[in-house]
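Enquirer: Let me see the structure of the following:
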Amino acid sequence: MMRLFLLGLCAHLVGDFLLQTGSTVEAKKDGRLWAHLRHGLVIMVLTWLATHCFGLRAAFFYALLVGLAHILIDSAKSFLEKGRSAGTKLLLFLADQGLHWFSLLVFFPLFPSTAPDPGVLAFYRGLLPARPVFYPNPPVTVSSLSLEKSLWIIVIYLTAVFGGAVLTNRILAWLTDNQQAERNRRLSSAIGIMERLILITLVAADSISAMGFVLAAKSLARYQELNNRNFAEYYLVGTLTSFTLALLAGLWLRALL
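Expert: Next comes the predicted model:
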């Protein structure tokens with residue numbers, strides 16, 4: 001059951017935070033039906049691809065229901081967000097994500113078994129060569145991670161690195177009225193993504209002290225702008241939010257490893 005949930009969750013995170021374009025997000029905010037349908041279709045396809053090894057028919061109906069639920073949840077959020085404060089929008093975003101995660105669990109009974117379908121596995125085995133093309137000399141030994149642990153690692157990185165970008169922007173919009181976020185949104189998000197990617201890895205590798213170098217480099221690049229009090233407050237909120245997300249994700253990842 002956990003493998004199914006994690007596979008579906010990976011599909012959701014990729015569809016929501018990696019493959020959803022800015023134009024689609026804006027169109028959804030405007031209540032455009034085509035934007036909701038297109039995004040729901042992307043979620044459906046990704047969910048089917050992620051879970052089809054557990055049964056083609058069951059995965060199709062599971063992906064269909066998850067996609068429809070995704071459309072309904074997003075449509076409700078877009079409707080409720082209109083005219084609301086930034087704080088309310090932050091709460092709606094968190095509720096939206098919670099409902100998406102919950103919907104992945106609700107439809108599990110559609111799968112007759114939590115074990116991979118033998119027919120699907122046989123098909124993929126048929127695509128692979130019967131014997132290895134070469135044997136390394138000397139033999140290479142690699143300590144392998146379990147599938148569930150590997151999926152948890154992917155989920156942690158996707159949630160903290162890319163989902164964290166959206167969450168950080170929401171928190172900044174709630175706590176500050178600085179328009180810098182809107183003007184440099186793409187650049188700030190890109191910097192934050194790389195920042196959290198590095199920080200999570202440092203924490204997981206038990207090199208927390210090295211996090212100071214990342215903060216120092218970031219502060220040095222913005223040294224002149226920090227003289228502006230409004231920008232300094234905006235910068236601190238964004239940086240501390242990003243660092244907190246990365247630290248928690250890194251500690252979680254280290255516990256798994």
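Enquirer: And the helices in the protein?
Expert: All helices of the chain, identified by DSSP state H, fall at 2-13, 22-29, 33-51, 56-81, 86-106, 118-127, 147-157, 164-175, 180-183, 185-204, 211-221, 229-256.
Enquirer: what sits against M44?
Expert: A63, L64, V66, G67, H70 (Cβ atoms under 8 Å, 6 or more residues apart in numbering). (Each C-beta comes from the backbone N, C-alpha and C, glycine too.)
Enquirer: pLDDT score assigned to the second one?
Expert: To tie it back to what came earlier, the one meant is L64. Reported pLDDT at L64 in the predicted model: 96.
Enquirer: Skipping its backbone neighbours, what lies nearest it in space?
Expert: Nearest residue to L64 in three dimensions, chain neighbours excluded: M44, at 6.1 Å (Cβ to Cβ, 6 or more residues apart in numbering).
Enquirer: what about G83, neighbour count?
Expert: Using other Cβ atoms under 10 Å, G83 is surrounded by 6 other residues.
Enquirer: The one 3 residues further on too?
Expert: If you count neighbours by other Cβ under 10 Å, A86 ends up with 14.
Enquirer: For it, which residues are in contact?
Expert: Listed by Cβ under 8 Å, 6+ apart, the contact partners of A86 are R170, A173, W174.
Enquirer: returning to what we had before: for P112, find the nearest of the helices of the chain.
Expert: helix 56-81 (6.4 Å; Cβ to Cβ).
Enquirer: Enumerate the positions of that closest one that are buried.
Expert: By neighbour count with 16 or more other Cβ atoms under 10 Å, helix 56-81 contains the buried residues 58-60, 62-67, 69-71, 73-75, 77-78, 81.
Enquirer: If you count contacts, what does that helix end up packed against?
Expert: Judged by 3 or more Cβ pairs under 8 Å, 6 or more residues apart in numbering; DSSP states H and E, helix 56-81 is in contact with helix 2-13, helix 22-29, helix 33-51, helix 86-106.
Enquirer: can we see that at 6 Å?
Expert: Under the contact criterion of 3 or more Cβ pairs under 6 Å, 6 or more residues apart in numbering; DSSP states H and E, helix 56-81 touches helix 33-51, helix 86-106.
Enquirer: CA atoms of the first one as PDB?
Expert: The C-alpha coordinates for helix 33-51 follow below in PDB (Å, rounded to 0.1, in the frame of the first residue of the first chain):
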ATOM      1  CA  LEU A  33     -12.200  25.400 -17.500                       C
ATOM      2  CA  TRP A  34      -9.700  24.300 -20.100                       C
ATOM      3  CA  ALA A  35      -6.800  25.000 -17.700                       C
ATOM      4  CA  HIS A  36      -8.400  22.800 -15.000                       C
ATOM      5  CA  LEU A  37      -9.100  20.000 -17.500                       C
ATOM      6  CA  ARG A  38      -5.600  20.100 -19.000                       C
ATOM      7  CA  HIS A  39      -4.000  20.000 -15.600                       C
ATOM      8  CA  GLY A  40      -6.200  17.200 -14.500                       C
ATOM      9  CA  LEU A  41      -5.400  15.200 -17.600                       C
ATOM     10  CA  VAL A  42      -1.700  15.600 -16.900                       C
ATOM     11  CA  ILE A  43      -2.200  14.400 -13.400                       C
ATOM     12  CA  MET A  44      -4.200  11.400 -14.700                       C
ATOM     13  CA  VAL A  45      -1.600  10.400 -17.200                       C
ATOM     14  CA  LEU A  46       1.200  10.700 -14.700                       C
ATOM     15  CA  THR A  47      -0.700   8.700 -12.100                       C
ATOM     16  CA  TRP A  48      -1.500   5.900 -14.500                       C
ATOM     17  CA  LEU A  49       2.200   5.700 -15.600                       C
ATOM     18  CA  ALA A  50       3.300   5.600 -12.000                       C
ATOM     19  CA  THR A  51       0.900   2.900 -10.900                       C
END
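Enquirer: Great, nothing more from me.
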